[in-house]
Structures are given as structure tokens and as C-alpha cells.
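> Give me the fold of what follows.
(one chain, ligands or ions: 2)
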Amino acid sequence: MNPKVVIKKCSEYINDEVYKTVKDSVDLLGGMSAFVKNGERMLLKPNFLVGKPPEAAITTHPAVVGAIIRLVKEAGATPIVGDSPGIGNAVKVAQKCGVMDVAKELGAEVIDLATSVYVENPEGKMFKRLEIAKEAIDVDGIINLPKLKTHGQMFLTLGVKNMFGCVVGARKPQWHMAAGDSEAFARMLIDTYLFLKPRLTIIDGIVGMEGNGPGSGGEPRKLGLIFASTDCIALDRVITEVLGAKAHDLLTTKVAEEDGLGETDIDNINILGERIEDVKVSHFKFPPVVSIEFKLPFSLHSYLRKPLTSRPYINKKECTLCNICVEICPPGIMTKTDRININYDDCIRCYCCLEMCPEGAITIKNGWLKRLIAR
Ligand code: SF4
Ligand code: SF4
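Ligands and ions are numbered 1, 2, ... in the order given. Now for the predicted structure:
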């Protein structure tokens with residue numbers, strides 16, 4: 001059967017309006033009782049990248065998390081809000097991004113996904129063994145609540161990518177290293193998503209993020225949209241189309257198609273609610289595509305690598321020398337002197353530094369040949 005993806009308009013973060021839109025979206029998929037049973041413990045997994053106010057559009061908005069808390073409770077289940085940010089913990093992020101207030105008011109617990117365990121994953125394309133937070137495995141099911149944002153390495157962070165938050169924050173750099181290049185990392189994201197398989201995904205695209213996302217360097221962009229599906233591969237494909245990107249710009253879609261996992265043909269996806277052509281976003285600012293350096297023939301690699309390669313660039317005026325990027329850089333190739341230094345020869349272009357920089361001081365800079373080609 002063709003997967004279903006719901007697109008709904010929602011213009012503002014007004015609690016009752018968001019609740020109604022989310023409920024209408026879930027109803028089109030069969031209603032919350034189709035996904036949640038009485039007495040179950042459900043993990044609600046927002047994007048809690050860093051603790052910033054909701055207006056920064058870095059984290060899933062409290063109104064969206066609140067709407068799902070209400071729906072899960074109405075279905076007789078227990079909602080538990082949890083994530084594992086790269087730095088700090090989910091409880092602190094929830095306090096800063098406004099979700100803690102909503103969770104307290106509605107009677108939901110907020111937890112940090114902090115206990116790392118290895119799990120066998122025999123179906124995995126990239127890894128047959130994954131490392132996941134025990135708290136995400138011990139629940140009866142997961143509802144995935146991503147924020148629609150750009151992402152330096154993956155192009156966009158949507159439904160599939162948000163499940164990487166169930167890997168404990170301190171262990172994320174090791175998995176970046178284990179995967180190596182961006183396509184392998186995309187395969188690992190698909191493995192993680194399929195292992196955890198959230199029952200339902202609601203994407204907060206009322207105000208998304210464009211430009212130099214997914215952290216403090218990105219710009220909030222009002223889109224007025226909520227997306228819902230049980231199938232993140234189809235869901236992410238539809239959003240890519242709505243934003244006006246090519247299907248393969250999103251690496252998780254590309255590798256899913258290559259590996260025959262899920263539906264990536266837009267004509268085979270059953271769109272409910274709004275039609276794509278009626279909600280198309282114009283002039284959405286995407287990040288530079290970063291991965292072509294890994295596909296060069298070996299003979300050309302050493303000559304063309306630098307001019308063709310994107311790389312992280314630190315804006316010294318905005319850098320406060322907080323050292324966060326140095327601490328989280330997976331291969332440990334950043335150092336702090338009177339400024340932050342990067343050994344570009346060993347940089348794996350994971351853009352964890354960009355993601356976690358609290359000042360938005362890191363951007364992606366293209367090599368000169370790549371800039372020339374892009375003109
Ligand atoms: S995380 Fe950002 S502000 Fe902190 S040292 Fe790195 S570049 Fe500077
Ligand atoms: S410098 Fe940034 S992009 Fe390069 S490896 Fe370190 S964290 Fe990743």
C-alpha cells in the first residue's frame with residue numbers, strides 16, 4: 001500500500017489552533033488510538049539540539065509538543081518527553097525552550113536519554129550493531145516530533161534524522177567517526193530510524209529554519225505547515241518537494257532509494273490534506289551541498305580536493321572561544337589558542353561544530369572551484 005503523508009496549514013503557534021491541526025492530521029491517518037493503546041508508555045521525541053527560546057526555531061515548539069501530549073493522554077497512554085542533546089541534558093534544554101512549562105502543565109515527565117546500550121541490528125545496511133539510549137528502547141513506542149530545519153552535513157534535518165537523537169549525546173561523535181563520509185552516515189541514520197521505527201511522526205514546520213542550520217547560525221523561516229506520517233522516508237521526500245529541492249539533495253532519501261528501503265517516488269506517495277502545489281515554498285535558503293569531495297576519482301583527489309571541498313569556517317568576530325566545538329569535534333582536529341584552529345586535512349565534514357556552536361559563529365565555506373561551478 002502506498003504510504004500516506006498529511007500536509008496541513010497552521011499559521012501561528014496558538015495552542016488550541018496547533019492542537020486542532022495536529023489532531024486533524026492524526027485523524028487523517030486513522031486517529032491517535034490507531035497508534036497508541038490504553039496504558040502504554042510513549043516516548044515523545046522532539047528536537048532538543050540546544051537550549052534556546054522557541055523563537056530561535058532550533059527546537060520543536062512547545063505548542064506542538066503540548067498538542068501531542070494532550071492527544072496521547074486522551075488515548076489513555078502516558079507521554080514521556082525525551083531527547084539526548086549533544087551538550088547538556090534534555091531537562092535543561094526543555095526548561096530553556098519552553099517545553100518544560102507545557103509538560104508540567106499537562107502532567108508529562110521530561111527525561112534525558114542518557115543510558116547507552118548496544119543493540120543487535122541484523123537488518124542494518126551500514127551497521128549490524130547500534131548504540132541507542134536504553135530509555136528509548138524501554139518504552140512501548142515512540143512518537144517522533146522533529147523541527148523542519150536545514151543541516152550542514154545532511155542538507156535538511158527532518159523525520160529520519162531526528163531519530164539520531166536517541167543515540168546518547170556523548171556517543172554521537174563516535175558514530176560520526178565510525179560512519180566516516182556523509183553517505184555512510186546517511187545509511188546509519190536510516191538504520192537507526194528503521195530500528196526504532198516511530199509509530200507516528202509530526203514535523204513542526206510552522207516556523208522552520210533555513211540557511212546555516214541546524215543550530216544558532218540558521219534563520220527562522222515562517223512556513224505555516226505541519227506534516228504527519230507513519231513513514232519518515234516518504235514524509236521527508238514530500239517535504240523536500242514542498243521546499244523545492246531535488247530528491248537526492250537529501251542524502252537519506254538518496255541512500256534509501258539506492259538500498260530499496262521505503263518509498264521515495266513522489267507519485268507513489270498518497271498526499272492527504274493540502275496539495276503539494278498549493279503549499280510550495282519559494283526561495284527557501286538551503287545550505288551548500290557538501291559531499292562531492294568523497295566521490296572524486298583517486299587520481300584527482302589530491303589536486304581537486306581543496307578547491308572543490310566545502311569546509312567549516314569560523315567567524316572570529318562572533319566566536320567567544322567557549323571551546324564547545326573543540327570538545328565535540330569527532331576526530332579531535334580542532335584546537336584552541338588565541339583563536340579556534342582546524343586541521344582541514346583531517347576534517348571529516350560532519351559539521352558537528354556548526355551544529356553545536358552557541359553563537360552561530362561557524363558557517364560552511366565552499367572551495368573556489370566549487371563556488372565557480374555553482375555560479
Ligand atoms: S563553539 Fe563557536 S563560539 Fe565556541 S569556540 Fe567554537 S566557534 Fe567559538
Ligand atoms: S572541524 Fe567541524 S566539520 Fe570538521 S571534523 Fe571537526 S566537527 Fe566535523
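> How is the residue in the stretch 1-150 of the chain that ligand 2 sits nearest to assigned, secondary-structure-wise?
Closest approach between the stretch 1-150 of the chain and ligand 2, counting by C-beta to the nearest ligand atom: Gly86, at 10.6 Å. C-beta here means a position set from N, CA and C on the backbone, and glycine is covered the same way. Using DSSP: H, G, I helix; E, B strand; the rest coil, the structure places Gly86 in coil.
> Tell me the pLDDT of it.
Gly86 carries a pLDDT value of 83.
> Residue numbers of this structure in contact with ligand 2?
Neighbours of ligand 2 within the chain, by C-beta under 6 Å from any ligand atom: 312, 329-331, 333-334, 342, 347-353.
> Show the buried residues in the residues you listed.
With burial judged by 16 or more other C-beta atoms under 10 Å, the buried subset of the residues of the chain next to ligand 2 is 312, 329-330, 333-334, 342, 347-353.
> mind listing which of those are in strands?
Within those, residues falling in strands by DSSP state E are 312, 334, 342.
> Could you export those residues to CSV, including columns for pLDDT?
Formatted as CSV, these follow (pLDDT from 0 to 100):
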residue, pLDDT
Pro312, 94
Met334, 97
Ile342, 97
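> With distance to Asn121 added, can I get those in TSV?
Output for these, formatted as TSV (distance: C-beta to C-beta, whole Å):
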residue	distance to Asn121
Pro312	31
Met334	31
Ile342	33
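> Tell me the one among those residues nearest to ligand 1.
Using C-beta to the nearest ligand atom, those come closest to ligand 1 at Met334, 7.5 Å.
> So what pairs up with that closest one in the strands?
Following DSSP bridges, Met334 is listed with bridge partners Ile342.
> surely it meets Asp346?
No - judged on C-beta atoms under 8 Å, Met334 makes no contact with Asp346 at a distance of 10.1 Å.
> Count the residues that sit near the closest residue to ligand 2 within the stretch 101-250 of the chain.
In the stretch 101-250 of the chain, the residue that lies nearest ligand 2 is His176 (7.1 Å; C-beta to the nearest ligand atom). His176 has 23 neighbouring residues, counting by other C-beta atoms under 10 Å.
> mind listing what it touches?
Applying C-beta atoms under 8 Å, 6 or more residues apart in numbering to His176 gives the contacts 185, 330, 348, 350, 352.
> and what of Glu40?
77-78, 140-141.
> If any of those residues are buried, give me the PyMOL selection for them.
PyMOL command restricting the contacts of Glu40 to the buried ones, with burial defined by 16+ other C-beta under 10 Å:
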select buried, resi 77+78+141
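> ok, now which ones touch the residue in the stretch 1-150 of the chain that ligand 1 sits nearest to?
Of all residues in the stretch 1-150 of the chain, Ile87 sits closest to ligand 1, at 9.6 Å by C-beta to the nearest ligand atom. Neighbour list for Ile87: 50, 169, 324, 327-328, 356 [criterion: C-beta under 8 Å, 6+ apart].
> Can you flag which of those residues belong to helices?
Residues of these located in helices (DSSP state H): 324, 327-328, 356.
> from those residues, which two are the most distant?
Using C-beta to C-beta, those reach their maximum pairwise distance at Glu327 and Met356, which is 8.7 Å.
> near ligand 1, which residues of the chain show up?
Contact residues, the chain versus ligand 1 (C-beta under 6 Å from any ligand atom): 314, 319-325, 340, 357, 359, 361-362.
> ok, 5 Å please
314, 319-320, 322, 324-325, 340, 357, 359, 361 (C-beta under 5 Å from any ligand atom).
> Name only those of the residues you listed that count as buried.
Here, 16+ other C-beta under 10 Å leaves 314, 319, 324-325, 340, 357, 359, 361 buried among these.
> Output these as a markdown table; include the columns pLDDT.
Shown next, in a markdown table, are those (pLDDT from 0 to 100):
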| residue | pLDDT |
| --- | --- |
| Ile314 | 96 |
| Cys319 | 97 |
| Ile324 | 95 |
| Cys325 | 96 |
| Ile340 | 97 |
| Cys357 | 95 |
| Glu359 | 93 |
| Ala361 | 96 |
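> from the residues of the chain next to ligand 2, which single one is nearest ligand 1?
Once C-beta to the nearest ligand atom is applied, the member of those that ends up nearest ligand 1 is Cys353, at 6.3 Å.
> check contacts around the closest one.
With C-beta under 8 Å, 6+ apart, Cys353 has these contacts: 312, 325, 328-329, 334, 362.
> Met163 now?
45, 142, 144, 189, 192-193, 196, 198, 232.
> Need the contact partners of stretch 6-22.
Contacts of stretch 6-22 (C-beta under 8 Å, 6+ apart): 24-25, 28-29, 54, 61-64, 66-68, 70-71, 202, 206-207, 224-229, 238, 242, 271-276, 279.
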